[in-house]
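[1] Give me coordinates for this.
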Amino acid sequence: MNVTRSAWAIWRAPRLEPAALRRLQSAKLRRIVAHAYATVPFYRQLWSRHGIEPGQVRGIEDLPRLPVVDKRVLQAADIAARLSSACARPTLIERRTSGSTGRPMTLLRDRPFERHQKLVFLRALLATGLRPWHRLLLLSDSSDDDRPGGGDRRGLPGWRYVASEAPAEALLEALLTHRPHAVYGFLTPLRQLAQLLRRHGRPVGLRAVITTAETLDGATRAWLADSFQAEVFDLYGCTEVGPVAWECRAHLGYHVAADTVIVECQDAGTGSGPVLLTSLDLRAMPLIRYAVGDLAVPAGPGACPCGCRLPRLARLEGRLVDCVQRPAGGLLSPYHLTLALEDVAGLERFQIVQEGIDRFLVRAQGRSGPGTDATIAALLRQELGAATRVEVRWEDDLAPPPGRKFRVVECRLPGVAACAS
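    Okay, the predicted model is just below:
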């Protein structure tokens, strides 16, 4: 992959007419499907069992012909079966997913893809108003698994990496010494940094706070904006395929990197859809119609005021495994529960845990006032049913254990977790 040509294509893509973008996607999809069938035993065997040959996939309208794969199916296959014979393994870079759901997965990526994803990440940063000469502090996983665009510590001259699991005091020191224009990272370390910053009461002059990897609810967004006195953006991506979608300054959804990844949202019967990802540039270990386990809602037609013509997601609703079971039957997206509690006075952070079919625990952080617990319970019962039992427990800190991502909604019923596979 020629770096200059790749960079030009990445900067050009947001200005493409929808028809031109569709032609680009279809051409790249034909190439990656043919490549996977010819060189990757896993896909050749899977598609052959379904009676599928590459010639049947002529464009993105044919993508639903291909079967969906998920992490469980991929992990059951040998790494050699998932690896393209066109790529020499010693030249590849090994990554591992975070394993926040208990199932980490080993991935092998080629270096041209990693360079390409760094450019995609930079494009997302530019949409927030940042420029290449701005300083950026990245709170990144020290294991390299979730480092944006490829995992190594090389970036632009003004970029500084610090381990996200470092003590909050170390994060604050890095913020004060580096004096960045923006800070990027997981929600949990960003919250810990914001709490310490509020206690110190020192302005740091940030332009932007960019969150990733954990679901950003409205209450947390507002709290971060107030704490950092900066505009908050969310970037959606995963270790498997890199940056997927991002917010611009219009905050009208997430622009999809449709020139490098196709995003499908299937109907889950919950008002949103499970996300399927097809990477158009990942050749070493292709991912085609990969069920990543996230829920999203596609945006309707219409241009964004920022001028970007890439398609958008209206919102991200969390993880499919975080859907809860209604006591009366059916699944409920976590988004409906978080939205219900966003405006409760004094509730700075919360976690909703389904412990039984009609029994929920709300772990709350903030300031409890007269009637707050009753308000929380009443709002959840509006979503879950009048007979639902709701316990509210106030705690000083809801930070997850080291190495775990924070889940705003957590269902502990065994049947619901299975719906992500």
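
[2] what are the ranges of the helices in the stretch 251-400 of the chain?
    Taking DSSP state H, counting those that start in this stretch, the helices of the stretch 251-400 of the chain run over residues 334-341, 372-384.

[3] Do you have the strands of the stretch 201-350 of the chain handy? List them.
    208-212, 231-238, 242-246, 254-256, 261-265, 273-279, 290-298, 312-319, 324-325, 331-332, 347-356 (DSSP state E, counting those that start in this stretch).

[4] Adding mean pLDDT, distance to residue 223 and mean neighbour count, write the ones you listed out as JSON lines.
    Every residue, glycine included, has its C-beta placed from N, CA and C. Formatted as JSON lines, the strands of the stretch 201-350 of the chain follow (pLDDT from 0 to 100; distance: least, Cβ to Cβ, whole Å; neighbours: other Cβ atoms under 10 Å):
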{"stretch": "strand 208-212", "mean pLDDT": "96", "distance to residue 223": "11", "mean neighbour count": "23"}
{"stretch": "strand 231-238", "mean pLDDT": "96", "distance to residue 223": "9", "mean neighbour count": "22"}
{"stretch": "strand 242-246", "mean pLDDT": "96", "distance to residue 223": "21", "mean neighbour count": "25"}
{"stretch": "strand 254-256", "mean pLDDT": "97", "distance to residue 223": "21", "mean neighbour count": "25"}
{"stretch": "strand 261-265", "mean pLDDT": "95", "distance to residue 223": "28", "mean neighbour count": "21"}
{"stretch": "strand 273-279", "mean pLDDT": "94", "distance to residue 223": "26", "mean neighbour count": "22"}
{"stretch": "strand 290-298", "mean pLDDT": "91", "distance to residue 223": "23", "mean neighbour count": "22"}
{"stretch": "strand 312-319", "mean pLDDT": "89", "distance to residue 223": "18", "mean neighbour count": "22"}
{"stretch": "strand 324-325", "mean pLDDT": "87", "distance to residue 223": "24", "mean neighbour count": "22"}
{"stretch": "strand 331-332", "mean pLDDT": "83", "distance to residue 223": "24", "mean neighbour count": "17"}
{"stretch": "strand 347-356", "mean pLDDT": "90", "distance to residue 223": "6", "mean neighbour count": "20"}
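
[5] can you list these in CSV and add distance to residue 106?
    Below are the strands of the stretch 201-350 of the chain laid out as CSV (distance: least, Cβ to Cβ, whole Å):
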stretch, distance to residue 106
strand 208-212, 21
strand 231-238, 14
strand 242-246, 16
strand 254-256, 26
strand 261-265, 20
strand 273-279, 16
strand 290-298, 15
strand 312-319, 21
strand 324-325, 31
strand 331-332, 31
strand 347-356, 30
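
[6] State the helix or strand in which residue 169 lies.
    Assigned by DSSP states H and E, residue 169 belongs to helix 168-178.

[7] Could I get the buried residue list for that helix?
    168, 171, 172, 174, 175, 178 (16 or more other Cβ atoms under 10 Å).

[8] which non-adjacent residue is nearest the first one?
    In space, residue 168 comes closest to residue 192 once its chain neighbours are excluded; the distance is 4.2 Å by Cβ to Cβ, 6 or more residues apart in numbering.

[9] got any ranges where the stretch 301-421 of the chain has weak pLDDT?
    401-404, 415-421 (pLDDT under 70).

[10] so who does residue 63 touch?
    29, 57, 262, 264, 278, 289 (Cβ atoms under 8 Å, 6 or more residues apart in numbering).

[11] follow-up on the earlier one: residue 47: which of the buried residues of helix 168-178 is nearest?
    residue 171 (46.5 Å; Cβ to Cβ).

[12] wait, the closest one sits on residue 194?
    No: here residue 171 does not reach residue 194: they are 9.9 Å apart, not a contact under Cβ atoms under 8 Å.

[13] quick revisit: could you say what helices and strands the helix holding residue 169 packs with?
    Counting contacts by 3 or more Cβ pairs under 8 Å, 6 or more residues apart in numbering; DSSP states H and E, helix 168-178 is packed against strand 136-140, strand 159-163, helix 187-200.

[14] So what touches that helix?
    With Cβ under 8 Å, 6+ apart, helix 168-178 has contacts from 135, 137, 139, 160, 162, 183, 189, 192-193, 195-197, 200, 202, 204.

[15] Tabulate the contacts of residue 63 in CSV, adding columns for distance to residue 81.
    Listed next are those as CSV, based on distance: Cβ to Cβ, whole Å:
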residue, distance to residue 81
29, 22
57, 21
262, 23
264, 24
278, 19
289, 17
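
[16] can you tell me which of the strands of the stretch 201-350 of the chain comes nearest to residue 122?
    strand 242-246 (9.4 Å).

[17] surely residue 289 meets residue 67?
    Yes: in this structure, residue 289 is within contact of residue 67 by Cβ under 8 Å, at 6.9 Å.

[18] The two: which is more packed in?
    residue 289 (17 against 14; other Cβ atoms under 10 Å).

[19] and that one, what does it touch?
    Per Cβ under 8 Å, 6+ apart, neighbours of residue 289: 63, 66, 67, 68, 69, 264, 276, 277, 278.

[20] Widest-spaced pair of the residues you listed?
    Pairwise over these, using Cβ to Cβ, the maximum falls at 67 and 277, 14.4 Å.

[21] for this protein, longest helix please?
    Once the chain is assigned using DSSP state H, the helix that runs over the most residues is helix 18-39.

[22] Which helix or strand lies directly C-terminal to it?
    Per DSSP H and E, the helix or strand that comes after helix 18-39 is helix 41-49.

[23] and the angle for that following helix with helix 18-39?
    Comparing the axes of helix 41-49 and helix 18-39 via axes from the mean of the first three to the mean of the last three Cα atoms, to 10 degrees yields an angle of 100 degrees.
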